[in-house]
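A.B. asks: Pasting a predicted model and its sequence here:
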Amino acid sequence: MFANIRELGRSESASSVLPMAIALLHVVRRSVAGSRGAAHVELTILGSRIAEFAGYMVQEMGDSRSAVWWTEQAVRIAALVGDRDMSSYALVRRSLIALYCEEPTQVVAFAQQVGRNPEVPSRIRWLAAQREAQGHALR
């Protein structure tokens, strides 16, 4: 279902897709409460990804403050099962939000926090390097 909602997010307005993502997040949260073991971890991580996607949708709607809030929720949810990658990815998202707000110093600062950590997966470090370059270009 999440894959379908993400696909809709590419062709439909964010204001149309966001309620679906939030509804799915509520379903996943209820499922997490009754799950154990690997299913619990997988559902919790799914919930964090949905929250991050909701942040992206509200960012597309022009609401940077809510985008940051949803991104923080994604980090909080992921941390419940020890997923540290989301916190690194959230810094990349914060960097992108700052880019759209035309705040080059913040873009670079968030991106550099990620790039300095060798434990961060290479894909996330690559995204951070891209954001850092965009921040320098904006400056």
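C.D. replies: Sure, I can see it. Quick caveat, the model's predicted, so the values are computed rather than measured.
A.B. asks: helices or strands up against the helix or strand hosting residue 51?
C.D. replies: Taking DSSP states H and E as the definition, one finds residue 51 inside helix 37-60. With contacts taken as 3 or more C-beta pairs under 8 Å, 6 or more residues apart in numbering; DSSP states H and E, helix 37-60 sits against helix 2-11, helix 14-33, helix 64-79, helix 85-100. (C-beta placed from N, C-alpha, C; glycine too.)
A.B. asks: mind running it again at 6 Å?
C.D. replies: helix 14-33, helix 64-79 (3 or more C-beta pairs under 6 Å, 6 or more residues apart in numbering; DSSP states H and E).
A.B. asks: Report the distance from the first one to the chain centre.
C.D. replies: In terms of C-alpha atoms, centre = their mean, to the nearest Å, the centre of helix 14-33 is found 15 Å from the chain centre.
A.B. asks: which of the residues in it are buried?
C.D. replies: Residues of helix 14-33 classed as buried: 14, 17, 18, 20, 21, 24, 25, 28, 32 (neighbour count, 16 or more other C-beta atoms under 10 Å).
A.B. asks: can you tell me how far the fifth one sits from residue 58?
C.D. replies: What it means is residue 21. Separation of residue 21 from residue 58 (C-beta to C-beta, to the nearest Å): 10 Å.
A.B. asks: Can you pull up the most central residue in this protein?
C.D. replies: residue 52 (3.2 Å; C-alpha atoms, centre = their mean).
A.B. asks: what's the burial count for the closest residue in space to that residue that isn't next to it in sequence?
C.D. replies: The shortest distance from residue 52 to any non-neighbouring residue, by C-beta to C-beta, 6 or more residues apart in numbering, is to residue 74 (3.9 Å). Look at residue 74: counted by other C-beta atoms under 10 Å, it has 27 neighbours.
A.B. asks: for the record, mean pLDDT for stretch 75-83?
C.D. replies: In this model, stretch 75-83 has an average pLDDT of 95.
A.B. asks: what's the answer for stretch 95-108, then?
C.D. replies: In the prediction, stretch 95-108 has an average pLDDT of 96.
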